[in-house]
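Enquirer: Sharing a sequence plus its predicted fold:
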Amino acid sequence: MTRKHGRLGVLLPGMGAVTSTFIAGVELCKKRLGRPIGSLTQMQTIRLGKRYESRAPLIKDFVPIAALDDLHFGGWDLFPDSICEAARKCGVLSAEQIEPVARELAAIRPMTAVFDPSYLRNLKASHAKKYRSKWEAAKLVMSDIAEFKKKAKADRLVMLWCGSTEILPKPSPAHRSVTAFEKGLKDNDPQIPPSMIYAYAAIRMGIPYGNGAPNLSADVPAMVELAERTGSPIAGKDFKTGQTLMKTTIAPMLKARMLALRGWYSTNILGNRDGEVLDDPGSFKTKEISKTSVLDTILEPETYPALYGKYHHKVRIDYYPPRGDAKEGWDSIDIAGWLDMPMQIKINFLCRDSILAAPICLDLVLFLDLAKRAGLKGIQEWLSFYFKSPQCRPDLKPENDIFIQHLKLKNTLRLLLGEEVIDHSGLDYYDPVRGTPKSAPAPRSCSRPASLARACRLHHGKAACSTRNPCRR
Ligand SMILES: NC(=O)c1ccc[n+]([C@@H]2O[C@H](COP(=O)([O-])OP(=O)(O)OC[C@H]3O[C@@H](n4cnc5c(N)ncnc54)[C@H](O)[C@@H]3O)[C@@H](O)[C@H]2O)c1
């Protein structure tokens with residue numbers, strides 16, 4: 001793995017509520033004026049080896065991720081507000097919270113955006129680029145990126161889409177291959193939305209790309225092909241924050257206990273700009289697809305038709321300005337138990353949308369950069385934990401169960417650093433023949449897939465190797 005030292009430039013298309021809360025939070029944490037609650041990279045530990053070894057370092061001490069002090073921010077928006085103005089307008093953080101970092105936030109001003117009103121009907125851009133073709137727009141974004149890298153003196157870059165939810169494009173031949181996509185850019189194919197232009201620019205330059213909205217952006221064959229070719233890790237789609245976080249936590253419990261589901265009614269009110277955008281039926285449709293698919297992939301109605309074959313699932317989002325970013329979600333869940341006895345679960349989640357999204361942004365930026373340095377490229381399924389609609393190989397079902405996603409993430413970190421994958425069966429603690437005696441070291445065979453061999457070799461090149469599970473490749 002290449003060094004973590006040096007400046008990491010973080011490029012954010014869309015500098016509204018989520019982005020300003022994320023950046024303000026990082027700046028406050030740098031000054032020790034805030035705590036990064038909700039961030040695995042900053043606060044969670046990872047168990048290594050056997051339980052009796054008592055090895056559980058913080059993730060940030062275990063994996064060589066960038067330090068907060070090394071992050072430098074830039075991005076684009078349809079409006080010219082600095083991050084300080086954006087933070088004040090969106091009203092997530094109080095004036096007292098913004099004040100100590102106001103100077104740093106005021107210095108971050110968005111670059112002009114790539115805008116197409118046919119993909120975003122409820123906003124009118126006042127800070128957009130002028131271009132004749134989408135190809136030209138992509139070139140302009142690439143020169144913005146190069147300019148930012150120079151000015152910020154960044155050694156590495158990461159891009160994370162935090163822009164609005166676009167209306168979904170129709171399937172187009174332009175999405176199928178890099179060659180067709182580049183032709184589509186030159187021909188101004190109407191099925192190429194702005195988010196795909198940013199994604200193309202980043203991936204073309206070998207920059208890792210994450211997508212916090214349900215927009216297709218990098219989730220088409222052309223972008224996957226390009227990412228493989230340029231060695232760019234990609235991950236998406238749609239940050240898993242409020243209601244879907246609840247859904248992907250409760251649904252695995254119902255399935256684990258074989259409790260039946262009759263219906264799940266979810267409704268939300270929110271009053272921020274995201275809510276205003278989602279008030280347009282086109283943008284809502286994109287979000288609805290992302291929100292509704294999770295239950296089916298967790299409950300597997302095809303395997304359990306008697307329990308999950310006929311449940312009714314309804315998702316609503318209503319724009320209600322008085323609430324601003326303080327979203328309120330209600331879930332009314334109709335379940336059935338022993339002898340079909342009906343029961344109900346009610347959830348009333350009064351959450352702060354951007355407060356839940358900001359730590360996800362931080363973790364994604366740090367892990368995507370880590371993935372790039374570890375030589376991983378293309379779809380990063382191990383980051384599914386952070387998304388409502390995780391991108392995965394098209395012939396596979398996405399993994400939505402939050403507990404499996406969490407294991408997947410932590411085991412990938414263990415693999416990357418040459419540690420034993422933990423299967424949690426616990427059998428070997430009780431097996432007198434094959435079991436690991438209390439005093440013996442952990443098994444020393446390497447289970448690392450070939451794709452991680454490069455990271456592994458680099459890790460083992462280090463003088464002080466803490467690995468208990470050395471790689472023999
Ligand atoms: N807040 C959450 O918890 C959460 C959860 C999941 C997903 N998301 C998604 O994250 C995104 C950001 O959410 P938010 O609350 O910050 O919204 P927001 O409306 O406050 O900010 C989005 C910003 O993107 C800008 N934008 C739109 N199109 C752009 C373009 N083509 N180029 C550059 N900028 C563009 C808008 O001007 C706006 O300032 C949305 O797509 C939202 O659906 C948010």
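Expert: Structure's in. What do you need? Numbering: from 1, shown residues only.
Enquirer: going forward, measure contacts between C-alpha atoms and count neighbours the same way
Expert: Will do.
Enquirer: which residues sit in contact with residue 302?
Expert: Each residue near residue 302 by C-alpha atoms under 8 Å, 6 or more residues apart in numbering is listed here: residue 309.
Enquirer: how close does it sit to residue 309?
Expert: 7 Å (C-alpha to C-alpha, to the nearest Å).
Enquirer: Also residue 370?
Expert: For residue 370 relative to residue 309 (C-alpha to C-alpha), the value is 41 Å.
Enquirer: and the two? which has more neighbours close in?
Expert: More neighbours surround residue 370 than the other of residue 370 and residue 309, with 24 against 17 (other C-alpha atoms under 10 Å).
Enquirer: How many residues are close by the closest residue to that one other than its chain neighbours?
Expert: Nearest residue to residue 370 in three dimensions, chain neighbours excluded: residue 65, at 6.0 Å (C-alpha to C-alpha, 6 or more residues apart in numbering). Residue 65 is flanked by 23 other residues according to other C-alpha under 10 Å.
Enquirer: Residue 330 - that's part of a strand, no?
Expert: Yes: with DSSP: H, G, I helix; E, B strand; the rest coil as the criterion, residue 330 is part of a strand.
Enquirer: Would you mind giving me the confidence score for it?
Expert: On the pLDDT scale, residue 330 is placed at 95.
Enquirer: Residue 34: neighbouring residues, count only.
Expert: Around residue 34 there are 14 residues (other C-alpha under 10 Å).
Enquirer: same question, residue 240
Expert: Neighbour tally, residue 240, other C-alpha under 10 Å: 24.
Enquirer: which residues touch it?
Expert: 357, 385, 386, 387, 388 are the contacts of residue 240 under C-alpha under 8 Å, 6+ apart.
Enquirer: near the ligand, which of those show up?
Expert: residue 357 (C-alpha under 6 Å from any ligand atom).
Enquirer: For residue 168, give me phi and psi.
Expert: When read as degrees, to the nearest 10, the backbone of residue 168 gives phi -70, psi 140.
Enquirer: What of residue 400?
Expert: phi -110, psi -20.
Enquirer: shouldn't it be in contact with residue 388?
Expert: Yes: Residue 400 lies in contact with residue 388 (C-alpha atoms under 8 Å); the separation is 7.4 Å.
Enquirer: so is the closest residue to residue 75 other than its chain neighbours in a helix, a strand, or just coil?
Expert: Nearest residue to residue 75 in three dimensions, chain neighbours excluded: residue 12, at 4.4 Å (C-alpha to C-alpha, 6+ apart). Of the three states, residue 12 takes strand according to three-state DSSP.
Enquirer: roughly how far apart are residue 12 and residue 210?
Expert: Distance from residue 12 to residue 210, by C-alpha to C-alpha: 10 Å.
Enquirer: quick one, which of the two is more surrounded?
Expert: residue 210 (29 against 24).
Enquirer: For the more buried one, which three-state class applies?
Expert: strand.
Enquirer: Who are the contact partners of it?
Expert: 159, 160, 161, 234, 235, 236, 237, 364, 365, 368.
Enquirer: Local confidence estimate at it?
Expert: 98.
Enquirer: Now do the shared contacts for residue 400 and residue 388.
Expert: residue 294.
Enquirer: The residue nearest to residue 75 contacts residue 148, doesn't it?
Expert: No: using C-alpha under 8 Å, residue 12 makes no contact with residue 148, being 11.7 Å away.
Enquirer: Give me the common contacts of the two.
Expert: residue 74.
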